[in-house]
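1. Fold the following and give me the result.
(chains A, B, C and D)
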Protein chains: 2
Amino acid sequence: MPKRATIRDVAMRAGVSLATVSRALNGSALVNAATKQRIVEVAEELEFAPSLSARRLSLGKTQTITVVVSFLTRPQAAERLRGIDAALADSEFDLVIYNVETVEKRNQYFQTLALRQRTDGLLVVSLPPSDDDVHRLERSDVPVVFVDAHENTDRLPRVLGDDVAGGELATQHLLDLGHRRIAYIGDAFVNPFGFTSSRDRFEGYRRALVRAGLDAAGEHVALGAHGRYEARDLAASMLSQRDRPTAIFAGSDTQALGVLAAAQDLGLHVPDDLSVIGYDDIEACDFVGLTTVRQHLFESGRQGAQLLLAEIVERAETPQSVVIQPEIVLRRTTAPPGRRAAARSD
Amino acid sequence: MPKRATIRDVAMRAGVSLATVSRALNGSALVNAATKQRIVEVAEELEFAPSLSARRLSLGKTQTITVVVSFLTRPQAAERLRGIDAALADSEFDLVIYNVETVEKRNQYFQTLALRQRTDGLLVVSLPPSDDDVHRLERSDVPVVFVDAHENTDRLPRVLGDDVAGGELATQHLLDLGHRRIAYIGDAFVNPFGFTSSRDRFEGYRRALVRAGLDAAGEHVALGAHGRYEARDLAASMLSQRDRPTAIFAGSDTQALGVLAAAQDLGLHVPDDLSVIGYDDIEACDFVGLTTVRQHLFESGRQGAQLLLAEIVERAETPQSVVIQPEIVLRRTTAPPGRRAAARSD
DNA sequence: CGGTTACATGTAAGCGGTTACATTCGAGGA
DNA sequence: TCCTCGAATGTAACCGCTTACATGTAACCG
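-> Coordinates of the predicted model:
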């Protein structure tokens, strides 16, 4: 295979100079139409494709947007990614992806990427930065936008869901249905990555209960690792107690699915014996009819990317913070507390 | 914000030449330990990060692997992507992603990417190339590996699932349970992207039936667009006929979920009235207990990426074709044809 | 003690584009 | 006819790094 043609080969073959070829191919106005025509033909003939590295070096831009995302294959992440891709599809930027599943990777990426000349823009999804990271980012001049990372990002542009509002929404829905013994099952509030969604959703839960004159004491709260099986176990033990809740608010759909499994194992009928509401509105909710709180994942990705594109063009004087309001999606797992529930609970 | 430090700044500050800095930072053996030490310190002090564009241009490598994937957010794709990421995580390569959801995008990407100097390697997932694409790829010297693309890829390195075998596996399972009226619901056999999985799985289905002395006539076959709702509608009309099938093999889990929904709508109990088996083993299968054929998605992505890395190091004389055998995963949606099914079918 | 050797470092030529600035040339105006 | 001006093109510097080759130096040899 012959070496690929360079701009020089095209110039020679077309009988013009490098500069003219470059201009012609980049649509500069100052090229004679006939010349341009000829150059384009020669370029096609030689199958000329400009070296991106050279172009980027010369331009001083990477033409690249880097997305650092935690747990790429969680359904939430994939959906956000699609939103990001949609916003970037018609731009000149390539999309580079770094997947983070361990704290070490996280640190490694933040340290090497938070630097100019690696990328034109950094989009961090579901991954709150450490104080050090923030300093580094502020010192470097890489445009960066955070999506779904509350902690430590208040001085930076970001797109957030309102988890507290969502927690209230879910809980209020259960209260409106007449439930009084409402439990919360979610992720541990402190975790190596600094995720805050579980804590915030719980806070919304708490507020709704307090507003309704109920207390959010610990007996109906169970926290554990993120995962369906973990949630199932938590729910199983919670549902085996004598004053078991009539409704459970799960901090994520994944966990809500675990709760459903536990209910099934115990022979509890949903929603007659137990109401369940989740959070996120992942695809599986539709399959199983799970009532949940929709996060607008695609939209959050899209807006994050748009914000970043805007930042790249011109740094905003004061960092924007876009908040996306969650919305409740009613399906078949919530209902007023039923007779059967009352009958069994004694 | 001051301009970022270049290698020149480091050299000046450390009192050595460019070359020495480059050598020191790239771990060349021919640098005095003390000098190296000093350079590293200065580099840190200045927060020096080499320009990747410059490095790449100079090295003549892009250090980039490009993945072109169709329908990024289908659960299958996300899982494969994770496999790819896993194989690449410890390599020097960045992962660039192009998502394809329209035929135009497909063509555009194939045309611009099938060229050297854009990427060191191309991994194409679930996207069969056209004849033109193949020619272009063969002419260019970009290492390329196809994952999950049967059509037109026989002269190229690839990783495939054996869809025919999987189709047989699924159908044989139903036959073994005692079913005789077994239907197939899948994607249309011809489609703009040239996907062949539905056709091949059907072929496996047909073979199994023929081997069992049954004919695979058209009455129990329904094809439509990929999607849960489409499959639900197909299943609904199929299940309303008088000699309705006692088992349905769906060409994908997504469609199997639609079949389950249709059964529920019609008041049919699964698996007593109807057995359902899917294909792929996406996460949702576990939620709903769907019996299915597992494709080893993560593994296919991982092996594809490994094959590509090998191709980059040294082009194989004869293109490798890795076939991953599917495996049946038994859950709760298949059972012998029940009395109730028999009772209702007349 | 001159010469070879090995190691450490410097010099400078690329890598393949973009673009500021210089040059050429023909048209139009005085 | 000479000059000015603008359009079209050429020349060459530069982007920031790697690396072949040249150079310098100290140790070691006969």
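2. got a list of contacts for stretch A:225-233?
-> A:185, A:187-188, A:224, A:250, A:252, A:254-259, A:261-262, A:265, B:286-287 (C-beta atoms under 8 Å, 6 or more residues apart in numbering or on different chains). Where you see a C-beta, it was placed from the backbone N, CA and C, and this is true even at glycine.
3. change it to 6 Å
-> A:185, A:187, A:224, A:254-255, A:257-259, A:261-262 (C-beta atoms under 6 Å, 6 or more residues apart in numbering or on different chains).
4. Then stretch A:164-183?
-> Applying C-beta under 6 Å, 6+ apart, the contact partners of stretch A:164-183 are A:200-201, A:203-205, A:207-208, A:212, A:220, A:238, A:245-249, A:277, A:293, A:326, A:328, A:336-337.
5. If we use 7 Å, what do you get?
-> With contact meaning C-beta atoms under 7 Å, 6 or more residues apart in numbering or on different chains, stretch A:164-183 is reached by A:200-205, A:207-209, A:212, A:214, A:220-221, A:238, A:243, A:245-249, A:275, A:277, A:279, A:293, A:325-326, A:328, A:334-337.
6. What residues of it count as buried?
-> Applying a neighbour-count criterion of 16 or more other C-beta atoms under 10 Å in any protein chain shown, the buried positions in stretch A:164-183 are A:164-175, A:177, A:179, A:181-183.
7. repeat for stretch A:236-247
-> Under the neighbour-count criterion of 16+ other C-beta under 10 Å, stretch A:236-247 has A:236, A:238-239, A:244-247 buried.
8. Among those residues, which are located in strands?
-> A:Ala247 (DSSP state E).
9. Apply the buried test to the contacts of stretch A:164-183 and list what passes.
-> A:200-205, A:207-209, A:212, A:214, A:220-221, A:238, A:245-249, A:275, A:277, A:279, A:293, A:326, A:328, A:334-335, A:337.
10. wait, which of the contacts of stretch A:225-233 is closest to DNA strand C?
-> Using C-beta to the nearest atom of the strand, the shortest approach to DNA strand C within those belongs to A:Thr254, at 46.8 Å.
11. so which residue of the stretch 51-200 of chain A comes closest to DNA strand D?
-> Closest point on the stretch 51-200 of chain A to DNA strand D, by C-beta to the nearest atom of the strand, is A:Ser58, at 3.7 Å.
12. Which other helices and strands does the helix or strand hosting that residue contact?
-> According to DSSP states H and E, A:Ser58 maps onto helix A:52-59. Contact partners of helix A:52-59 among helices and strands, from 3 or more C-beta pairs under 7 Å, 6 or more residues apart in numbering or on different chains; DSSP states H and E: helix B:52-59.
13. Tell me which strands the helix or strand that the helix it packs on is followed by pairs with, and in which orientation.
-> Going down the chain from helix B:52-59, the next helix or strand is strand B:64-70, by DSSP H and E. According to DSSP bridges, strand B:64-70 forms sheet pairs with strand B:94-100 (parallel), strand B:121-125 (parallel).
14. would you turn the ones you listed into a markdown table with mean neighbour count and mean pLDDT?
-> Shown next, in a markdown table, are the strands paired with strand B:64-70 (neighbours: other C-beta atoms under 10 Å in any protein chain shown; pLDDT from 0 to 100):
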| stretch | mean neighbour count | mean pLDDT |
| --- | --- | --- |
| strand B:94-100 | 22 | 94 |
| strand B:121-125 | 27 | 95 |
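15. Which of those strands sits closest to B:Pro75?
-> strand B:121-125 (13.4 Å; C-beta to C-beta).
16. which residues touch that closest one?
-> Contacts of strand B:121-125 with the rest of the structure, by C-beta under 7 Å, 6+ apart, involve B:65-70, B:77, B:80, B:84, B:113, B:142-149, B:304-305, B:308, B:311-312.
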